[in-house]
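Enquirer: Test case, fold it:
(6 chains)
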There are 4 protein chains.
Amino acid sequence: MTAAPKPRWRRRKDARPDEIVAAALELFATHGFAATRLDDIARRAGVSKGTLYLYFPSKEELFKSVVKEALLPNLAKAEARLAEDKGPTARVLEDILGGLAGMAAGTRLGAIPKLVIAEAGNFPSLAEFYVEAVPKRGFAMFRRLIERGVAQGEFRPVDAEAVAPLFAAPILLMALWKHVLEPHVKSKGGPVIEPKRFIQGCIDVLLNGLRKRPAGGGGQKEKRP
Amino acid sequence: MTAAPKPRWRRRKDARPDEIVAAALELFATHGFAATRLDDIARRAGVSKGTLYLYFPSKEELFKSVVKEALLPNLAKAEARLAEDKGPTARVLEDILGGLAGMAAGTRLGAIPKLVIAEAGNFPSLAEFYVEAVPKRGFAMFRRLIERGVAQGEFRPVDAEAVAPLFAAPILLMALWKHVLEPHVKSKGGPVIEPKRFIQGCIDVLLNGLRKRPAGGGGQKEKRP
Amino acid sequence: MTAAPKPRWRRRKDARPDEIVAAALELFATHGFAATRLDDIARRAGVSKGTLYLYFPSKEELFKSVVKEALLPNLAKAEARLAEDKGPTARVLEDILGGLAGMAAGTRLGAIPKLVIAEAGNFPSLAEFYVEAVPKRGFAMFRRLIERGVAQGEFRPVDAEAVAPLFAAPILLMALWKHVLEPHVKSKGGPVIEPKRFIQGCIDVLLNGLRKRPAGGGGQKEKRP
Amino acid sequence: MTAAPKPRWRRRKDARPDEIVAAALELFATHGFAATRLDDIARRAGVSKGTLYLYFPSKEELFKSVVKEALLPNLAKAEARLAEDKGPTARVLEDILGGLAGMAAGTRLGAIPKLVIAEAGNFPSLAEFYVEAVPKRGFAMFRRLIERGVAQGEFRPVDAEAVAPLFAAPILLMALWKHVLEPHVKSKGGPVIEPKRFIQGCIDVLLNGLRKRPAGGGGQKEKRP
DNA sequence: CATGAATGAGTGTTCATTCAT
DNA sequence: TATGAATGAACACTCATTCAT
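Expert: Numbers count the residues shown, from 1 in each chain, chains lettered A, B, ... in the order given. Below is the predicted model:
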């Protein structure tokens, strides 16, 4: 009727799914899968409940989409950054830990582990995807970095494969702490984790744990009798 | 077999609650809170659904009881063991990490973090209890140990308060890995964590990261320009 | 029959609540609050159980709505009729008693007192509403009428305030009799109340009781020694 | 063991049923049949829930017993008193109305009509019993009295059969008012019924309505044109 | 495309009734 | 006789899913 080519009030139908996923991430992250109602997701996304079913065949599929769409772009980014950095291994490790910790503590993304942990039992296919997409790639990355440091003479020889998850652990702890428990710490006296300071400390201990010692010592600790 | 004429009957008020809690732990750990039906808990405990309500006023209270009853005795045990060990700090730290990792990977207890992570948002009082009972005590314990090592000249001076959670992180990762993701690793090629080897590696890196270096080096890392 | 292509379908938000209330009144009146199942109300209203919850947040609220929606329009009608009648007081009283008795005995409305009586203890807010809406207004109406008759010299001076409920009593008895006990009178020999004849008799005795006596007598009876 | 012949702490087993009925009356009167839990009755009666079933085969039978045991002795008393009174009919009527009103307003018995009204639909046999025991006898009594008054020249000729329930109506209203609605009257301004004053007023109007008029008037009112 | 009224299977909770002791 | 732990049928209420408009 009017000549207006693209009335601004009409949300492009291609934007819809993302808005729904965003709303769903917010609510799933807060309440978990079962305790989140499609009614609420629809309301938050500004659509009707029926509309959800135009884009996602079921609540379960929406949930999977939320997790995957939240992860995939960030995985790509992380891989890209990694491939380029050619500096001293310690410096690279430091950057990566700092970057991931910031992401875990400061963005919505940090809530993903919580979601996957909670629902892995009920969503096997989601768990399988997640294992491949996150821990597998993450562990492998840390392992390659450590092996590179050892090969370049920066690090002591260590069991890189076994030790890789240790470098992922503080990131996981950070994410869960910020998104799960910290909100329930009663004001004064409760435990506190300051992301920057925590990660500084981790880097200090972990890199020192890897670095070659000036004199002998080090290496795999001898077994106790 | 036994001479007892009717030994199977009327276990009485004493045994019942524990049997119910045990059945509930099993199911909650597998399916989460919402996806576990009281019918199933009752069946597994060998009682009727109504009987659950003789001992627990609601599903929520049963859930809280499950978490608390699973944790409390083990917390007591852990504290007791700690108070006695007077050996070299490094050795104590090693023992503790080994012990906790074994517990996380090898017992039902390892499923508790998963449960709490999944439901903290819906059970604030449970989350508050957990924060006080587990991370607060755990972090404090690692902090005291590190400070003791520093004071006795075994360890470099490090930011003990900030770094304490780093020692808890591999335990958490271990627990979640074993009870959440590992079951979904597709046979060949997926990531694997062998508890013993993983913890050996962690101890190696972490203790080396704490130990005093024979010469210069070490200490808090200088900030990058 | 009708040309309407699909007239039976989707009656829409407007008609539904009233149909539900009507069905509920029927069943509550017959079985009482507790013994009426939402399933049955839904079936009788031709909707599903879930639909009830689109319009009423709980069984209790539905119950309150039933009582209020049954009463309110009729209260309005009654008040309007009253305000207009300017004839001889005795005639007005006669008309009102006759009208109310007819309503009590001949319409669904007569079941309301039974419902309120049965559930007042469990629905305080309903009881409060009812007290204000029915007895308070009703007693006040009879009192005004009596006082008007006295002022106009038609009636003896009587304690109008105290005596007003007496005029409501046969209406109440009529309603309860018809909707509660009469169905249980075993055929021959049981007590019978014929509404018309009963109300004629009531009017005869009550109006004679109010009317001025041609000679002395009357008035407040002297106390017995 | 001890020689004590009848230890006073042992409630005679014959007292039990009455204690249970008393406790049940109290609770049924307050909450109605469905909303009263056997648990509560047992607790109030000082016995265990199982014990109830030693004396009453079901909740329904207990309910019937409560109503019947509350009514029967009082019915007997009322009949006896009536048979003896040979004074002026007006005086007898006055006494009876006063006595019944006092009972309705001042004793537990006044709650019975409420119970029967509430549950007649669900307890046909109870309703049948009640109809025979209370309204049938009550209406007949008032009818005989009126007829006696007419025969003795004290009263106008009226339709005694039709009018009898009118004399029961204020008693019913009184009972329901005191036991159902009055507790929900909000302090100031709500309707109030003072038993003594109300009954005085009723007696005044009703007896005047029956009494012979000194001159003409009276009699069955002529039909309106 | 979008809506939202309608559905009904599923589940937590209650409570009258039973029965081994 | 008395107990009270145990039962399980019954029911209110929720919410993912459908579909006529």
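
Enquirer: Give me the helix or strand of chain A that scores worst on average pLDDT.
Expert: Across the helices and strands of chain A, mean pLDDT, DSSP states H and E gives its lowest value to helix A:59-84, namely a mean of 88.

Enquirer: Can that helix be said to contact DNA strand F?
Expert: Yes - with Cβ under 7 Å from any atom of the strand as the criterion, DNA strand F is reached by helix A:59-84 at A:Lys59, A:Glu60. All C-beta atoms are positioned from the backbone trio N, CA, C, and that covers glycine.

Enquirer: and the following helix or strand past that helix, which residues are buried?
Expert: Moving toward the C-terminus from helix A:59-84, the next helix or strand (DSSP states H and E) is helix A:89-106. Neighbour-count burial for helix A:89-106 flags A:89-90, A:92-98, A:100-105 (criterion: 16 or more other Cβ atoms under 10 Å in any protein chain shown).

Enquirer: wait, doesn't A:Val185 sit right on A:Pro191?
Expert: Yes - using Cβ atoms under 8 Å, A:Val185 makes contact with A:Pro191 at a distance of 6.5 Å.

Enquirer: anything in contact with each of these two?
Expert: Both A:Val185 and A:Pro191 are contacted by B:Val131, under the criterion Cβ atoms under 8 Å, 6 or more residues apart in numbering or on different chains.

Enquirer: what's near enough to touch A:Glu60?
Expert: By Cβ under 8 Å, 6+ apart, the contact list for A:Glu60 reads A:Phe123.

Enquirer: how much space between it and chain B?
Expert: Computed as Cβ to the nearest Cβ, to the nearest Å, the A:Glu60 to chain B distance reads 12 Å.

Enquirer: In this structure A:Arg137 contacts A:Leu75, no?
Expert: Yes - assessed by Cβ under 8 Å, A:Arg137 is found in contact with A:Leu75 at 6.9 Å.

Enquirer: Tell me how far A:Asp18 lies from chain D.
Expert: 52 Å.

Enquirer: My error: substitute A:Ala105 in the last question.
Expert: Distance from A:Ala105 to chain D, by Cβ to the nearest Cβ: 52 Å.

Enquirer: which residue packs closest to that residue, ignoring adjacent ones?
Expert: Spatially, and ignoring its direct neighbours in sequence, A:Ala105 is nearest to A:Pro195 (4.3 Å; Cβ to Cβ, 6 or more residues apart in numbering or on different chains).

Enquirer: wait, what's in contact with that neighbour?
Expert: A:Ala101, A:Gly102, A:Ala105, A:Gly106, A:Met174, A:Lys178.

Enquirer: rewinding a little: show me which of the buried residues of helix A:89-106 is closest to B:Arg213.
Expert: Comparing the buried residues of helix A:89-106 against B:Arg213 with Cβ to Cβ places A:Ala90 closest, at 15.1 Å.

Enquirer: Check what pLDDT that closest one gets.
Expert: pLDDT, A:Ala90: 94.

Enquirer: Hmm, it is touching A:Arg211, no?
Expert: Yes - taking contacts as Cβ under 8 Å, A:Ala90 lies within contact range of A:Arg211: 7.3 Å.

Enquirer: can you list residues touching both of those two?
Expert: A:Glu154.

Enquirer: A:Ala127: helix or strand, and which one exactly?
Expert: When secondary structure is defined by DSSP H and E, A:Ala127 falls within helix A:124-131.

Enquirer: Could you list every helix and strand in contact with that helix?
Expert: On a contact count with 3 or more Cβ pairs under 8 Å, 6 or more residues apart in numbering or on different chains; DSSP states H and E, helix A:124-131 meets helix A:59-84, helix A:112-119.

Enquirer: Make a markdown table out of the contacts of A:Pro195 and add pLDDT.
Expert: Formatted as a markdown table, the contacts of A:Pro195 follow (pLDDT from 0 to 100):
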| residue | pLDDT |
| --- | --- |
| A:Ala101 | 94 |
| A:Gly102 | 92 |
| A:Ala105 | 93 |
| A:Gly106 | 91 |
| A:Met174 | 97 |
| A:Lys178 | 95 |
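
Enquirer: tell me which element A:Pro165 falls in.
Expert: Per DSSP H and E: helix A:160-176 holds A:Pro165.
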